[in-house]
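A.B. asks: Predicted model, plus sequence, below.
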Amino acid sequence: MKSLWTAKCENDLLALRVYTSRLLGQEPALVLHGGGNTSVKANISNIFGEPEDLLYVKGSGWDLASIEVAGFAPVKLDVLKKMVLLDQLSDTEMVRVQRAAMTDPNAPNPSVEAILHAIIPFRYVDHTHADAVVTITNTENGAERIEQIYGKRVLIVPYVMPGFILAKKIYEMTQGIDWAALEGIVLMNHGVFTFGDDAKSSYERMIELVTEAENYLESQCAVTAASGTVAKENLLEMARIRKSVCDIKGAAMIAKLDSTAVNFSNRADVASIATRGPLTPDHVIRTKSIPVILGENPETDIADYAKAYCEYFERNTSGQLRRLNAAPCWAVWPGFGLISFGRSVKEATIVSDIKDHTIHAIQLAEDLGGWKALPESDIFDVEYWELEQAKLGGSFPIFQGQIALVTGAASGIGRACVEALHAQGAAVVALDLNPAITTCFDKKEILGVVCDVTLDESIQAAVETGIRHFGGLDILISNAGNFPASEKIAEMNPNNWDESLALNLTSHQRLLKACTPYLAMGIDAAVIMIASKNVPAPGPGASAYSVAKAGQTQLARVAALELGGLGIRVNVIHPNAVFDTALWTNEVLEKRAKHYGISVKDYKTNNILKTEVTSKDVAALACAMAGPIFAKTTGAQVPIDGGNERVL
Ligand SMILES: [Zn+2]
């Protein structure tokens, strides 16, 4: 590991604290997603001009990678130092007393390790969960190995619960010691502390200590990285696994398959080594203690996992706690790799990052004589620690964790549907013929895929790309279509007829066919067909369009009959006069209005309600149909046209 220090002549204490915190935070082998904490001690004059000794310590909820000055909580140092002398202190009391000792009531809650930072007699204190060091401590004779590497240069602290108990333990262990002789503190099964009177020396001591551990691992272990050949996925099975996990979770989840980890998943001893415990207890709130190991029958394995989780809870609970959801956060899928689950793409990515580091550490530790995690009671204490639980939670929008596929998604109604579904929490696979689809949504939860829906193989490939990316499919909005130029039946060019039927009818059937096996594994699965007012009220010159749309509607009605038994709802929207689409330029609008001798505004609102229907309105109806409002409706056709006398 290399020092990333490049700062020249900074001398602002806090600016340097932010700077090296970010250097630590951007190295995933040191801290992952909010792990670790840092501090700086400063003597600051208060509003009365009186100097005060303060500890600026990382605030709870901040990530070292992106922390700012506002992310550090200023706490009176003498109060923190007094707190360590207490015989005991509950978490709630600790937070209350620390908040009361803050000089800025708007600052975040101080890190749970604030007291420990306070008692280390150096200006700068850095704490990480460095993979290399923690890996070595998670072995049979980890403490001896640490001593072999560092000698007396570090204080080795046996595992205890983080927070007050850890601070108290280190306070007791360091009475009368010569701090100047120490370069750091290694916390068994947890992490490393370094310190120094300037930001650079504290940071670079961390890099040096971790590098020594890395060098040791390199000299002792054969494993290089958790890589391997990419396995050919079984996407249908993947969607089935996702469904089983979602059923236990009681909520929709994104499932992220990592097929590069197939070598790990294929290890003969995987069921043993992957189920001993996490890399560091801090991870348990994201990943649970262990993954589910999938075998011949994943549904049974997932159900057994949930049962075992409930038993683990019962074995360890004091009776005062509420059990967390029993669903696994990640899965080992021999032959295929690893799957990470999350309520959002972000959450699944965090789980995926943590499992990458975990499996790498497990394999290294196996080379060192055996991966050994903490006893389950220690893991449980952190998993059900009120301060850790506070980091999670929150309420979710209605489509959170659901996966939708929308065609004709680059513009008009399709685009509005993508945006509305995404705004309500869904991950969306957005298909369009227009290559701009791959760049027009700059969001992790929206995957743009170029697709010609008139080509079977193009549909198949696009659907598979979507499943591979998000893990399943719950909502299909079959929207792609076009409105051909007006042509009387007697004058119809047969190619125009065929083209309209291919796009406006057949493509919907092909897409529905490709999606059905996945929708059958979906969560509250729903299909929405975007048809047209032309179905109930056709117009002359539009036979190629109206016939196709009538066919699409009939397809939806038959699909409602056929798919209801699989729990898939199929409903139809008949929009009319939606002018904010690619079809309708201002020029065309003016021409049409002139044709009828009315203004553009009157032309746009030429309906019973005298209202303009927009793509957003149609998208809102599509979302309603995909959501709980239409949970008990299938085979319905709903117009959205401002009221049309011919449709009523
Ligand atoms: Zn820690």
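C.D. replies: Structure's in. What do you need? Numbers count the residues shown, from 1 in each chain.

A.B. asks: measure residue 183 to residue 305 for me?
C.D. replies: In this view, residue 183 and residue 305 are 42 Å apart by Cβ to Cβ, to the nearest Å. Every C-beta, even on glycine, is put in place using the N, C-alpha and C of the backbone.

A.B. asks: So which of these two has more stuff around it?
C.D. replies: Neighbour tally, residue 183 and residue 305, criterion other Cβ atoms under 10 Å: the higher count belongs to residue 305, 24 against 20.

A.B. asks: Now name the helix or strand holding the closest residue to residue 142 other than its chain neighbours.
C.D. replies: The spatially closest residue to residue 142, leaving aside those adjacent along the chain, is residue 136, at 5.7 Å (Cβ to Cβ, 6 or more residues apart in numbering). Per DSSP states H and E, residue 136 falls inside helix 131-137.

A.B. asks: Now do whichever helix or strand comes after that helix: which elements does it pack against?
C.D. replies: Remark: after helix 131-137, the chain's next helix or strand is helix 142-150, criterion DSSP H and E. With contacts defined as 3 or more Cβ pairs under 8 Å, 6 or more residues apart in numbering; DSSP states H and E, helix 142-150 has these neighbours: helix 131-137, strand 154-157, strand 184-187, helix 199-220.

A.B. asks: From the contact counts, what lies against the longest one?
C.D. replies: Spelled out, that is helix 199-220. With 3+ Cβ pairs under 8 Å, 6+ apart as the test, helix 199-220 has helix 13-25, strand 124-128, helix 131-137, helix 142-150, strand 184-187, strand 191-196 packed against it.

A.B. asks: Reformat the ones you listed as a markdown table; add distance to residue 457, mean pLDDT and mean neighbour count.
C.D. replies: Below are the helices and strands packed on helix 199-220 laid out as a markdown table (distance: least, Cβ to Cβ, whole Å; pLDDT from 0 to 100; neighbours: other Cβ atoms under 10 Å):
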| stretch | distance to residue 457 | mean pLDDT | mean neighbour count |
| --- | --- | --- | --- |
| helix 13-25 | 45 | 95 | 22 |
| strand 124-128 | 49 | 97 | 28 |
| helix 131-137 | 43 | 96 | 27 |
| helix 142-150 | 54 | 96 | 17 |
| strand 184-187 | 55 | 97 | 24 |
| strand 191-196 | 51 | 97 | 24 |
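
A.B. asks: Out of these, flag the one nearest residue 573.
C.D. replies: Closest to residue 573 of those, according to Cβ to Cβ: helix 13-25, at 46.9 Å.

A.B. asks: Quick check: neighbours of the helix or strand following the closest one in the sheet, parallel or antiparallel?
C.D. replies: Sequence order places strand 37-45 as the next helix or strand after helix 13-25, per DSSP H and E. Using DSSP bridges, strand 37-45 pairs in its sheet with strand 51-58 (antiparallel), strand 124-128 (antiparallel).

A.B. asks: Helix 199-220 and strand 37-45, what's the angle between them?
C.D. replies: Computed with axes from the mean of the first three to the mean of the last three Cα atoms, to 10 degrees, the direction of strand 37-45 lies at 170 degrees from that of helix 199-220.

A.B. asks: contacts for strand 37-45?
C.D. replies: 13-14, 16-17, 20-21, 24, 51-58, 64, 72, 74, 77, 103, 111, 113-114, 117-118, 122-127, 199 (Cβ atoms under 8 Å, 6 or more residues apart in numbering).

A.B. asks: Run a quick neighbour tally on residue 138.
C.D. replies: Per other Cβ under 10 Å, the neighbour tally for residue 138 reads 26.

A.B. asks: Kindly report the same for residue 279.
C.D. replies: 27.

A.B. asks: Quick check: the gap between it and residue 24.
C.D. replies: Noted for residue 279: a distance of 17 Å to residue 24, by Cβ to Cβ.

A.B. asks: And residue 397, by the same measure?
C.D. replies: Residue 397 sits 34 Å away from residue 24, going by Cβ to Cβ.

A.B. asks: Residue ranges of each domain in this structure, please.
C.D. replies: What automatic domain parsing lists as the domains of the chain is 13-220, 242-389, 403-640.

A.B. asks: pLDDT (mean, whole number) over the second one?
C.D. replies: Averaging pLDDT along domain 242-389 gives 93.

A.B. asks: With stretch 165-181 instead?
C.D. replies: Average pLDDT, stretch 165-181: 95.

A.B. asks: Check the offset of that stretch from the chain's centre.
C.D. replies: 39 Å (Cα atoms, centre = their mean, to the nearest Å).

A.B. asks: Check which residues of that stretch are buried.
C.D. replies: 166-171, 174 (16 or more other Cβ atoms under 10 Å).

A.B. asks: Closest one to residue 336 out of the residues you listed, please.
C.D. replies: Within those, proximity to residue 336 (Cβ to Cβ) peaks at residue 166, which comes in at 39.6 Å.

A.B. asks: All set, thanks.
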